[in-house]
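Asks: need a structure here:
(2 chains)
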Amino acid sequence: GAVVSQHPSRVICKSGTSVKIECRSLDFQATTMFWYRQFPKKSLMLMATSNEGSKATYEQGVEKDKFLINHASLTLSTLTVTSAHPEDSSFYICSARARTGRNTEAFFGQGTRLTVV
Amino acid sequence: LAKTTQPISMDSYEGQEVNITCSHNNIATNDYITWYQQFPSQGPRFIIQGYKTKVTNEVASLFIPADRKSSTLSLPRVSLSDTAVYYCLVGDRGRGSTLGRLYFGRGTQLTVWP
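Replies: A predicted model of the protein is given here:
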């Protein structure tokens, strides 16, 4: 299947700094990408929908100034956690949907473990 | 937005067939049903997708009754490596180039014992 690559796989940063997470679709063009966060033993929570060339659409309760999303090309979306605090520590996962024949599938990155100290 | 309900956990033994049922009473006409598998600290992995009746691939089968208000993921002869969380998602394909969002429910923790 299609491959979505996320980088870095884990990152530790100090409180107050910003962290950028990259999500790339390696072998297909992704006009739409999605960003999720997941707390331990919890389900994935959709944060925002990233559309190439336009502003991201954020889910209710997600601070757009806190979680900056840029989707500058058909193969790259980035999530920047600004002024990170310990409560932002979480597992962040990106996803890209692609049409495969008559169906569509969502392909997920391997996730990024963010720890804010 | 169609909400899904799955059992929180299931246990099985190696070599058995496992059936995980998901209810989605408010499924819309355009919605597809998709199942994902997630191991700890990894992104979800696509298992199977269907719209109605039965779909089978090399790893699983998906049974969808005519009213589409539920679906059952069937895993034949599970092994220890099938221990994971399984998510049932309902969503549409979106319109044009804007593909639909996917919202995850709680999922089912499947534990396979030797």
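Asks: burial of the closest residue in space to residue B:5 that isn't next to it in sequence, as a residue count?
Replies: Leaving aside its chain neighbours, residue B:5 sits nearest to residue B:23 (4.7 Å; criterion: Cβ to Cβ, 6 or more residues apart in numbering or on different chains). Where C-beta positions appear, they are placed from N, C-alpha and C, glycine not excepted. Residue B:23 has 14 neighbouring residues, counting by other Cβ atoms under 10 Å in any protein chain shown.
Asks: who touches the host helix or strand of residue B:33?
Replies: Applying DSSP states H and E as the criterion places residue B:33 in strand B:32-38. Outside strand B:32-38, the residues that touch it by Cβ atoms under 8 Å, 6 or more residues apart in numbering or on different chains are A:103-106, A:108, B:22, B:24, B:27, B:44-51, B:60, B:62, B:64, B:68, B:71, B:73, B:84-93, B:102, B:107.
Asks: just the ones in strands from these, please.
Replies: A:103-106, A:108, B:22, B:45-50, B:62, B:64, B:71, B:73, B:84-91 (DSSP state E).
Asks: of those residues, buried ones?
Replies: Buried members of these, counted by 16 or more other Cβ atoms under 10 Å in any protein chain shown: A:104-106, A:108, B:22, B:46-50, B:62, B:64, B:71, B:73, B:84-91.
Asks: tell me the mean pLDDT for stretch B:19-31?
Replies: The average pLDDT within stretch B:19-31 is 92.
Asks: for it, the distance to its chain's centre please.
Replies: 10 Å (Cα atoms, centre = their mean, to the nearest Å).
Asks: just the CA coordinates for that stretch, please, in PDB.
Replies: C-alpha atoms of stretch B:19-31 as PDB (Å, rounded to 0.1, in the frame of the first residue of the first chain):
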ATOM      1  CA  ASN B  19     -15.300 -11.900  15.100                       C
ATOM      2  CA  ILE B  20     -15.500  -8.300  16.300                       C
ATOM      3  CA  THR B  21     -18.800  -6.600  15.800                       C
ATOM      4  CA  CYS B  22     -19.300  -2.900  15.400                       C
ATOM      5  CA  SER B  23     -22.600  -1.100  15.500                       C
ATOM      6  CA  HIS B  24     -23.200   2.100  13.500                       C
ATOM      7  CA  ASN B  25     -26.900   2.800  13.600                       C
ATOM      8  CA  ASN B  26     -26.700   6.200  12.100                       C
ATOM      9  CA  ILE B  27     -24.600   5.300   9.100                       C
ATOM     10  CA  ALA B  28     -25.300   7.500   6.100                       C
ATOM     11  CA  THR B  29     -25.800   6.500   2.500                       C
ATOM     12  CA  ASN B  30     -22.400   7.700   1.400                       C
ATOM     13  CA  ASP B  31     -20.500   6.200   4.300                       C
END
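Asks: now that stretch: buried residues?
Replies: Buried residues in stretch B:19-31, counted by 16+ other Cβ under 10 Å: B:20, B:21, B:22, B:24, B:27, B:31.
Asks: what's that stretch in contact with?
Replies: Contacts to stretch B:19-31, defined as Cβ under 8 Å, 6+ apart, come from residues B:1-7, B:10, B:33, B:35, B:68-75, B:86, B:88, B:90-93, B:108, B:110.
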